[in-house]
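# Here is my input; please provide its structure:
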Amino acid sequence: MFGGLAFMVGGHMCCAISGADLMVRVGPDGYEASLSLPHARPMDITGRPMRGFVVVGPAGLGSGTDLQDWVSRGLDYVRTLPPR
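Numbers count the residues shown, from 1 in each chain. Okay, here's the model as predicted:
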């Protein structure tokens, strides 16, 4: 669907790699806060941003801690969803 490698938890996409970017599912409540972080932008594949998903550019993933923080955001959200 996203043209890359997706990581699923309980049947829900948590995060995905597309090119050099990381897509993270942060949910509607974490969306605005996530967009305020450096190198994050709305996920827009169809010309319409998908609320609850953000894309983090390579500069925002420079350290292992940065990557871990983003993946944790995705995990924190999808773990609130019922399994599919």
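
# Hmm, residue 24 and residue 13 touching each other?
No - Residue 13 lies out of contact with residue 24 (C-beta atoms under 8 Å); the separation is 9.4 Å. Just so you know, the C-beta spots here come from the backbone N, C-alpha and C atoms, and that holds for glycine as well.

# Helices of the chain, residue ranges please.
Using DSSP state H, the helices of the chain run over residues 27-35, 64-78.

# Nearest to residue 4, out of the ones you listed?
With C-beta to C-beta as the criterion, residue 4 lies closest to helix 64-78 of those, at 14.3 Å.

# just to revisit the earlier point, please say which of residue 13 and residue 24 ends up with more neighbours.
residue 24 (27 against 17; other C-beta atoms under 10 Å).

# I figured the more buried one was touching residue 56, is that so?
Yes - using C-beta under 8 Å, residue 24 is in contact with residue 56, at 6.4 Å.

# what touches both of those two?
Here residue 24 and residue 56 share the contacting residues residue 70, scored by C-beta atoms under 8 Å, 6 or more residues apart in numbering.

# give me the beta-bridge partners of the most centrally placed residue in the chain?
For the chain, the residue sitting closest to the mean C-alpha position, by C-alpha atoms, centre = their mean, is residue 24 at 0.5 Å. Listed by DSSP bridges, the beta-bridge partners for residue 24 are residue 15, residue 54.
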